[in-house]
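>>> Kindly generate the corresponding structure for this input.
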Amino acid sequence: MTRPQSVTSSDVIIPPHALAGTLALPKSAHGLIVFAHGSGSSHLSPRNIAVAKALNGRNFGTFLFDLLTQEEEADRANVFDIPLLAERLIEAWRTDGLGQSWGLFLSSSEEQSHIRHRLRTFNQAKLPDGRMALFRWWDPRVFRVYLPTCNADHLATLFAGVDHYVCENEDGAGFTIYRNHEGTLVREHTCDPMRSNR
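Presented below is the predicted three-dimensional model:
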């Protein structure tokens with residue numbers, strides 16, 4: 001079992017909209033888990049704080065932040081404004097996440113529960129000796145190396161229900177949009193990942 005370490009916690013304000021958040025980092029964190037709240041929940045929710053503390057106890061850093069200001073949350077229409085929330089998430093990624101290997105974005109028209117269930121099936125890989133291991137395919141450092149090695153069948157599985165993935169570049173200075181075109185991986189480099197949704 002992982003031994004918990006001391007955790008440093010600090011309040012964070014993310015420009016340019018002064019979005020509020022809390023960053024908690026164990027001394028030797030295994031990684032950082034980001035909670036982006038935009039659907040009526042908050043980084044101050046007791047449930048979200050309890051989940052974050054449990055992860056901190058297993059030496060994972062956590063970053064809980066809100067995609068809307070308190071004034072914006074008062075207008076319930078904003079809570080369901082997906083383009084606005086997506087843009088805020090991209091802004092936060094650009095401001096505080098680039099080069100930190102936070103994870104990937106993807107675009108899908110499939111129901112969220114279905115796509116989430118399918119993606120979770122990729123989280124384990126069988127090693128040559130038959131043992132099962134956690135496969136961190138969602139880590140940009142892994143994704144950038146793994147995806148180009150996939151054959152047409154693997155691409156079809158990874159892109160089932162997914163229009164495209166967006167992954168930060170290794171230097172943190174831009175993004176790559178990945179698509180599957182008839183069994184061939186297509187890459188588009190961009191400074192603006194929101195272009196892929198326009």
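>>> Quick check: the residue lying farthest from the centre of the chain vs residue 142, distance?
Going by CA atoms, centre = their mean, the residue of the chain most distant from its centre is residue 129, 30.9 Å out. The gap separating residue 129 from residue 142 is 20 Å, by CB to CB, to the nearest Å. The way it works is simple: take the backbone N, C-alpha and C, and place the C-beta from them, glycine included.
>>> just residue 8 next, same as before
When residue 8 is compared with residue 142 (using CB to CB), they lie 27 Å apart.
>>> Then residue 92?
Distance, residue 92 to residue 142, by CB to CB: 22 Å.
>>> which one of the two has more residues nearby?
Using other CB atoms under 10 Å as the criterion, residue 92 and residue 142 rank with residue 92 on top: 23 against 13.
>>> Spit out the contact partners of the more buried one.
Residues near residue 92 by CB atoms under 8 Å, 6 or more residues apart in numbering: 14, 19, 36, 65, 67.
>>> shouldn't the last one be in contact with residue 89?
To tie it back to what came earlier, the one meant is residue 67. Yes - using CB atoms under 8 Å, residue 67 is in contact with residue 89, at 6.2 Å.
>>> higher neighbour count, the two?
Neighbour count, other CB under 10 Å: between residue 67 and residue 89, residue 67 has more, with 26 against 17.
>>> Would you state the predicted confidence (pLDDT) at the more buried one?
Among the per-residue scores, residue 67 shows a pLDDT of 89.
>>> The closest residue to it other than its chain neighbours and residue 20: what is the separation?
Nearest-residue entry for residue 67: residue 38, 3.6 Å, with adjacent residues in sequence omitted and distances by CB to CB, 6 or more residues apart in numbering. Residue 38 sits 13 Å away from residue 20, going by CB to CB.
>>> what residues are shared contacts of these two?
Counting by CB under 8 Å, 6+ apart, the residues touching both residue 38 and residue 20 are residue 66.
>>> the more surrounded of the two?
Taking neighbours as other CB under 10 Å, residue 38 and residue 20 compare with residue 38 leading, 23 against 19.
>>> what sits against the more buried one?
Per CB under 8 Å, 6+ apart, neighbours of residue 38: 66-68, 79, 85, 88-89.
>>> one more time with 10 Å, if that's ok
By CB atoms under 10 Å, 6 or more residues apart in numbering, residue 38 lies in contact with 19, 65-68, 72-73, 78-82, 84-86, 88-89.
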